[in-house]
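> Pasting the sequence and the predicted model now:
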Amino acid sequence: MDMAIFTSRHGELERTHKILQHLNQQQPLSPTDFAMSVHNTAAGWLTIIAKNTLPTTSLAAGEDSFQQGILEAQGILASGAAERVLLVDFDGALPEDYQPFVTLTARPYALALLLAAGESLQCVPVARQAAAESLPQSLSFLRHWLSGQTEFIVPGPRHDWRWTYDG
């Protein structure tokens, strides 16, 4: 792989929430929690653990984070800047204080895809037509993909995403 893209709706919200609780209670802050509360922590850990200076980027686009990661990967692959791009979409557990404000599943998850240029799988935005799902987009994509469907819709907050596969 030549590059990695990490997408997450909430990033390291558990750590951020913990920091905010400690600030509110006037308790000392953990330097580790502070350093690892940023959105690109996972991308940084990949390069450290792999001992590889792989170019990485981190995206946060709300419910559309996975789809925006796909668009980013498509652009990188089309430009020839990379032949294979690792796309990792993830979210940790959502602190209880935040759960009333989200409609999607708040369980921890991660999905990694190794993407290469090609034309057998395509994704385009379309007008809203699918009912809202309780799954994050990446898990909705995976559910449809594993079912063997050649065309499916993944709901988005403003428009949906139509996937077609002709492989």
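That came in fine, so what should we check first?
> Looking at the protein, which helix is longest?
Looking across the chain with DSSP state H, the single longest helix is helix 65-79.
> Report all helices and strands that that helix contacts.
Packing contacts for helix 65-79, counted by 3 or more Cβ pairs under 8 Å, 6 or more residues apart in numbering; DSSP states H and E, involve strand 3-7, strand 56-59, strand 84-91, strand 109-116, strand 121-126, helix 137-146. Yep, even glycine has a C-beta here, placed from its N, CA and C like the rest.
> Just give the closest residue to residue 127, not the sequence neighbours.
Leaving aside its sequence neighbours, residue 127 sits nearest to residue 159 (Cβ to Cβ, 6 or more residues apart in numbering; 6.1 Å).
> Could you do residue 60 as well?
Nearest non-adjacent residue to residue 60, counting by Cβ to Cβ, 6+ apart: residue 39, 5.5 Å away.
> Where does the one you found sit: helix, strand or coil?
coil (DSSP: H, G, I helix; E, B strand; the rest coil).
> ok, it - contacts?
Each residue near residue 39 by Cβ atoms under 8 Å, 6 or more residues apart in numbering is listed here: 8, 11, 12, 58, 60.
> For PyMOL, write the selection for the buried entries among those residues.
To isolate the buried members of the contacts of residue 39 in PyMOL, using 16 or more other Cβ atoms under 10 Å:
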select buried, resi 8+11+12+58
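> out of the contacts of residue 39, who's nearest residue 96?
Checking these against residue 96 by Cβ to Cβ gives residue 12 as the nearest, at 16.5 Å.
> what number of residues lie near residue 5?
25 (other Cβ atoms under 10 Å).
> whoops, residue 15 was the one
20.
> before we move on, what about residue 67?
23.
> just to revisit the earlier point, check the gap between the residue nearest to residue 127 and residue 102 for me.
Distance of residue 159 to residue 102, computed by Cβ to Cβ, to the nearest Å: 20 Å.
> one step back: not counting the longest helix of the chain itself, show me its contacts.
With Cβ under 8 Å, 6+ apart as the test, helix 65-79 has contacts from 3, 5-9, 57, 59, 61, 82-83, 85, 87, 89, 111, 115-117, 123, 136-138, 141, 154, 156, 161.
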